[in-house]
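A.B. asks: structure of the sequence below:
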Amino acid sequence: MTADPVSVPPVPIGVVTASDRASRGVYADLSGPAIESYLAEVLATPFRIVRRLVEDERPAIEAALIELVDVEGCSLVVTTGGTGPSPRDVTPEALAAVCDRMMPGFGEAMRAKSLAIVPTAILSRQEAGLRGRALIINLPGKPASIRDCLDAVMPAVPYCLDLTGGDRLDTRPERIVAFRPKGA
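C.D. replies: Take a look at the predicted model:
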């Protein structure tokens, strides 16, 4: 009799939507599901989504990020919404408050990709930072922009998680080729 192979549990990935109206049920959250769809398309690693839908309030966003990383064990958390210049857009400030270190290259890459599409991309404040071994990425709220921004940074996400001691993520090379140095 042979032993059954050990099944690896799916990697938890956090998805946070920051939206006053979606959190009150005024309209359906389309951005969170857009992130989930994107991840299903590009990741080869089995994963499960841990979702949070919160209002555009710093304490609520900060609490969701802390819970997803510290309690749920997510080493990747992707947020959507709250990255614009309006007074209610506070997701980057919430990210900075809970992170140990910021990763400015992620925001730069996302804005560069978006700027090639629309001139108002300079108004967006996408950011990324590290909380312990976790990478948290802020995305805009528009589903098409989510795809563009994730395409810009996803090749670096798996290796970033390797370096921080996070979960190993592999991409589907026919969709996104993740960069890893030889032997990594």
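
A.B. asks: tell me the secondary structure at the spatially most central residue of the chain.
C.D. replies: Of all residues in the chain, the one closest to the mean position by Cα atoms, centre = their mean is residue 78, 1.8 Å from it. Under DSSP: H, G, I helix; E, B strand; the rest coil, residue 78 falls in the strand class.

A.B. asks: shouldn't it be in contact with residue 31?
C.D. replies: No: the pair residue 78 and residue 31 fails to qualify as a contact (Cβ atoms under 8 Å) at a distance of 10.0 Å. Just so you know, the C-beta spots here come from the backbone N, C-alpha and C atoms, and that holds for glycine as well.

A.B. asks: overlap in contacts, those two.
C.D. replies: Counting by Cβ atoms under 8 Å, 6 or more residues apart in numbering, the shared contacts of residue 78 and residue 31 are residue 139.

A.B. asks: tell me the helix or strand right after the worst-scoring helix or strand of the chain on mean pLDDT.
C.D. replies: Lowest on mean pLDDT, DSSP states H and E among the helices and strands of the chain sits helix 20-23, with a mean of 90. Once the chain leaves helix 20-23, the next helix or strand it forms, by DSSP states H and E, is helix 31-42.

A.B. asks: neighbouring contacts of the helix or strand just after that following helix?
C.D. replies: Toward the C-terminus, helix 31-42 is succeeded by strand 47-54 as the next helix or strand (DSSP H and E). Under the criterion Cβ under 8 Å, 6+ apart, residues 10-19, 22-23, 29, 32, 36, 39, 60-61, 63-64, 67-68, 72, 74, 169 lie in contact with strand 47-54.

A.B. asks: how about 7 Å then?
C.D. replies: Outside of strand 47-54, the residues within contact range by Cβ atoms under 7 Å, 6 or more residues apart in numbering are 10-18, 22-23, 29, 32, 36, 39, 60-61, 64, 68, 72, 74.

A.B. asks: now do stretch 89-98
C.D. replies: Taking Cβ under 7 Å, 6+ apart as the rule, stretch 89-98 contacts 18, 56, 58, 61-62, 65-66, 79, 81-83, 102, 125, 127, 129, 131, 136, 138.
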